[in-house]
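**Student:** fold the following.
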Amino acid sequence: MRNRYKFGQMFIAALNAAAIIGAVILTAAGGSAAALQKYNFTAERMEKSSEYDYGQISCFFSEDSGFNKNSALGVKNQIYSELKSVSVIPEEGEDIVPHAFSAEAGTAMITCDRNGQSQARVTAVGGDFFLFRGFTLLNGSFFSDKNSLQDGAVIDKELAWRLYGAIDIAGEKIYINGDELYVSGVIDTPETKPEKKSIDDVPMAYITYNAAGPIFGSVNNDMWDSAASKEPEFIKVNCYECAIPEPVEHFAYNSVKEQLAKAYKGNISIVDNSERFLPSKRVKALKKLDRYIVRKDSVIYPFWENASRLTELKLSFIYGGRRLLLAIPLITFICLLALAYKRFRQNKKDLKDAIERFFSLKMRRIRDKKQKAEEIKKEESSDKGNEQTKESSK
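**Tutor:** Residues are numbered from 1 along each chain as shown. Predicted structure coming up:
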């Protein structure tokens with residue numbers, strides 16, 4: 001019986017040790033999986049060079065939402081206005097709200113001055129697009145709206161190899177459907193499993209909205225629009241992102257949501273990147289797994305967001321499993337507390353009985369001692385009386 005009891009104790013101890021080790025391993029795995037999705041940590045990078053906490057928000061739109069690059073500029077201006085109302089005012093020339101907008105322009109044939117050519121998926125990008133992506137730059141440099149020349153292209157290394165057979169080709173010319181651009185930079189291809197599952201084998205190229213206009217744009221012939229253009233323009237936006245100072249908690253998310261959620265209801269998905277990988281969020285999402293499996297909207301997600309959503313799904317199971325493992329030592333701890341309390345109650349009763357027995361014995365001894373003293377005194381008094389009687393009789 002004693003051996004069986006000892007075996008039970010050893011089994012419970014081993015089970016708890018295994019559960020804790022498993023929880024530590026899952027925690028490390030979850031943190032590693034989240035860190036690989038570099039697109040979601042622009043806010044953290046901004047905080048390193050700023051006095052403010054930052055929030056990062058991503059908005060994804062359907063094809064017919066009507067959101068465009070002019071809308072994106074309007075969102076940024078409104079954010080600045082709201083920041084000013086809470087006394088967050090940048091210094092002259094300082095941009096404290098970097099933002100980016102993009103849309104897939106289409107698939108095109110890309111050629112070069114040599115014999116290389118390839119089909120590629122072309123994305124039009126604006127604002128500080130590459131600040132939010134975390135792409136690995138292998139050669140050259142990124143571009144932004146601040147560049148005076150807007151005919152640069154950032155291509156991935158697969159496209160670089162197909163065109164020139166090398167990756168150190170910054171400055172070389174490429175032609176997209178016959179329109180001339182130059183290679184601004186070459187980036188690495190996506191490497192993580194979620195990214196690879198979210199893209200196909202077609203190489204990728206990123207160009208400015210100005211460059212996309214003549215290639216993929218259309219002419220605005222609206223006679224009622226005073227700003228109507230006779231030049232082809234590409235203005236569609238499917239993804240809008242921004243990093244916003246947070247003077248109060250959730251300022252960034254609430255600011256963007258108030259502007260866009262109602263106006264684009266049914267055609268928008270708003271993501272708070274700053275909190276999406278938190279364990280508490282991911283465990284809670286286990287109750288809503290159907291939203292990851294069954295798509296009920298027409299919102300377009302770029303590959304980096306699809307990769308992040310796959311990571312969210314993975315983390316939900318990882319952190320859900322961790323919570324189950326941590327339940328084992330928690331239950332054990334509660335059982336030990338209950339057992340300790342039970343023993344305390346039992347020991348308390350035994351202690352009370354021992355104290356009562358002690359005082360009872362003590363009182364009995366006092367009574368016995370007192371009674372004996374009275375008997376001795378009584379005997380002494382009796383002996384004294386007897387002696388007096390004897391003396392009087394003489």
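
**Student:** element containing the nearest residue to C112 once chain neighbours are set aside?
**Tutor:** Distance criterion Cβ to Cβ, 6 or more residues apart in numbering; nearest residue to C112, sequence neighbours excluded, is L163 at 4.5 Å. In this view, the C-beta of every residue, glycine as well, is placed from N, C-alpha and C. L163 is located in helix 157-164, with elements delineated by DSSP states H and E.

**Student:** in that helix, what counts as buried?
**Tutor:** If you call a residue buried by 16 or more other Cβ atoms under 10 Å, then helix 157-164 has these buried ones: K157, E158, L159, A160, W161, R162, L163, Y164.

**Student:** make JSON lines out of these and add pLDDT and distance to L326.
**Tutor:** Output for these, formatted as JSON lines (pLDDT from 0 to 100; distance: Cβ to Cβ, whole Å):
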{"residue": "K157", "pLDDT": "96", "distance to L326": "43"}
{"residue": "E158", "pLDDT": "96", "distance to L326": "43"}
{"residue": "L159", "pLDDT": "96", "distance to L326": "47"}
{"residue": "A160", "pLDDT": "96", "distance to L326": "47"}
{"residue": "W161", "pLDDT": "96", "distance to L326": "48"}
{"residue": "R162", "pLDDT": "96", "distance to L326": "50"}
{"residue": "L163", "pLDDT": "96", "distance to L326": "52"}
{"residue": "Y164", "pLDDT": "95", "distance to L326": "53"}
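
**Student:** what stretches of the stretch 51-200 of the chain score poorly on pLDDT?
**Tutor:** 148 (pLDDT under 70).

**Student:** helices along that one, start to end?
**Tutor:** 69-85, 129-133, 157-164, 193-198 (DSSP state H, counting those that start in this stretch).

**Student:** the shortest one: how far from the chain's middle?
**Tutor:** For helix 129-133, the distance from its own C-alpha centre to the chain's C-alpha centre is 18 Å (Cα atoms, centre = their mean, to the nearest Å).

**Student:** name the helices or strands packed onto it?
**Tutor:** strand 99-112 (3 or more Cβ pairs under 8 Å, 6 or more residues apart in numbering; DSSP states H and E).

**Student:** mind running it again at 10 Å?
**Tutor:** Applying 3 or more Cβ pairs under 10 Å, 6 or more residues apart in numbering; DSSP states H and E, we find helix 129-133 packed against helix 42-47, strand 99-112, strand 117-127, strand 152-156, strand 179-187, strand 204-208, strand 239-245.

**Student:** now do the last one
**Tutor:** Helices and strands in packing contact with helix 193-198 are listed as helix 303-393; criterion 3+ Cβ pairs under 10 Å, 6+ apart.

**Student:** can you tell me how far the closest residue to S141 other than its chain neighbours is from C239?
**Tutor:** Closest residue to S141 apart from its sequence neighbours, by Cβ to Cβ, 6+ apart: G185 at 5.1 Å. G185 sits at a distance of 20 Å from C239 (criterion: Cβ to Cβ, to the nearest Å).

**Student:** neighbour count: those two, which is higher?
**Tutor:** Legend: neighbour count by other Cβ atoms under 10 Å for G185 and C239, higher for C239 (25 against 21).

**Student:** bridging residues for the closest residue to that one other than its chain neighbours?
**Tutor:** Once flanking residues are discounted, C239 sits nearest to S102: 4.9 Å by Cβ to Cβ, 6+ apart. Judged by DSSP bridges, the bridge partners of S102 are V125, C239.

**Student:** right, and S102 touches F234 too?
**Tutor:** No: assessed by Cβ atoms under 10 Å, S102 is found out of contact with F234, at 11.0 Å.

**Student:** mutual contacts of those two, please.
**Tutor:** Between them, S102 and F234 share these contacting residues under Cβ atoms under 10 Å, 6 or more residues apart in numbering: K69, A124, G126, Y209.

**Student:** tell me which of those residues is nearest to R365?
**Tutor:** G126 (98.1 Å; Cβ to Cβ).

**Student:** any idea how far I215 is from the closest one?
**Tutor:** Distance, G126 to I215, by Cβ to Cβ: 15 Å.

**Student:** more crowded one of these two?
**Tutor:** Neighbours were counted for G126 and for I215 using other Cβ under 10 Å; G126 has more, 24 against 19.

**Student:** mind listing what that one touches?
**Tutor:** Listed by Cβ under 10 Å, 6+ apart, the contact set of G126 reads 69, 72-73, 99-103, 144-145, 150, 208-210, 212, 234-235, 237, 240.

**Student:** again, but for S184
**Tutor:** 130, 139-143, 147, 149, 151-155, 170-171, 206-208.

**Student:** SS state for the residue most central in space within the chain?
**Tutor:** Residue closest to the average C-alpha location in the chain (Cα atoms, centre = their mean): F277, at 2.3 Å. Going by DSSP: H, G, I helix; E, B strand; the rest coil, the secondary structure assigned to F277 is coil.
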